[in-house]
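Enquirer: pasting the structure only:
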C-alpha cells in the first residue's frame, strides 16, 4: 500500500471516531495522558481506567517478539485511537513505564502502523510479571521493517503514562 494511500486511510479512520467529551474514569487509573489535549478529563490530563480502554475499538495480531520464545496474540486499542480519544496533538509521544523507563515514539508511528496498547495477551489480561497491565506493541510480523532494535525499544511494557509533545 502506498504511503499516500495509507495516510488517507488513517485520516479517514480517525475522522470516523466519535467525538465526545472524555468520561472520567470510574475504576483505578491505568493510563494517564498529558500534553496538548482537546479532551482532558481531570486536571488537564486524560485519565483512563481499563473499562475506558476496553470501550475503544479493539484490534488483535499475533507476533513474535524478542521477549517471549513463541509468538503471542496481543489485543487492545490502537495507540492512535487512544490518543484520538484524548484529542492529543503533537509530533512526539513519550511513553513512561511503571519502572520510569521512558522512550520517545514519533507520532507518525501511531499513524503509520497498527501499534496497539495491548491489554490482553493470548486472550488474558497481562499481569505485571507478564509486562502488563498495558504494553505498547508493534505488529512486528506484519511489517518486517519493524523488526529492529529501534522499534523494539519503543515497545514500552508496564505502560503507565504518555506525554504528547
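Expert: Received the coordinates, thanks. Note that the structure is predicted; figures quoted are calculated from it, not measured.
Enquirer: Residue 60 contacts residue 74, correct?
Expert: Yes. Contact status for residue 60 versus residue 74: in contact at 6.7 Å, counting by Cβ atoms under 8 Å. For the C-beta atoms, the positions are set from N, CA and C on the backbone; glycine is no exception.
Enquirer: What are the boundaries of the helices in this protein?
Expert: Using DSSP state H, the helices assigned to the chain run over residues 3-16, 50-55, 79-85, 107-112, 149-154.
Enquirer: Which one of those helices has the poorest average confidence?
Expert: Here the lowest mean pLDDT among the helices of the chain goes to helix 3-16, at a mean of 52.
Enquirer: which residues does residue 73 bridge with?
Expert: residue 62 (DSSP bridges).
Enquirer: How many residues are close by it?
Expert: Counted with other Cβ atoms under 10 Å, the neighbours of residue 73 add up to 14.
Enquirer: wait, what's in contact with it?
Expert: Residue 73 sits next to 60-62, 120-123 when contact means Cβ atoms under 8 Å, 6 or more residues apart in numbering.
Enquirer: and those residues, which two are the farthest apart?
Expert: Between any two of those, the greatest separation by Cβ to Cβ is 13.2 Å, found for 61 and 123.
Enquirer: okay, those two: which has more neighbours?
Expert: More crowded of residue 61 and residue 123, by other Cβ under 10 Å: residue 61, with 18 against 8.
Enquirer: Return the residues in contact with that one.
Expert: 73-74, 114, 116, 139, 141-142.
Enquirer: got a pLDDT number for it?
Expert: With respect to pLDDT, residue 61 has a value of 98.
Enquirer: Please apply the same query to the one 4 residues further on.
Expert: For residue 65, the model assigns a pLDDT of 97.
Enquirer: gap between it and residue 132?
Expert: Per Cβ to Cβ, to the nearest Å, residue 65 is found 14 Å from residue 132.
Enquirer: Looking at residue 60 and residue 74, which has the bigger crowd around it?
Expert: In terms of neighbours (other Cβ under 10 Å), residue 74 is the more surrounded of residue 60 and residue 74; the figures are 23 against 13.
Enquirer: So, low pLDDT: which residues of this structure?
Expert: Within the chain, the ranges that satisfy pLDDT under 70 run 1-20.
Enquirer: hey, where'd the strands end up in it?
Expert: Counting by DSSP state E, the chain has these strands, from start to end: 29-37, 46-49, 58-63, 72-77, 88-89, 92-97, 102-106, 116-118, 120-121, 124-125, 135-137, 159-164.
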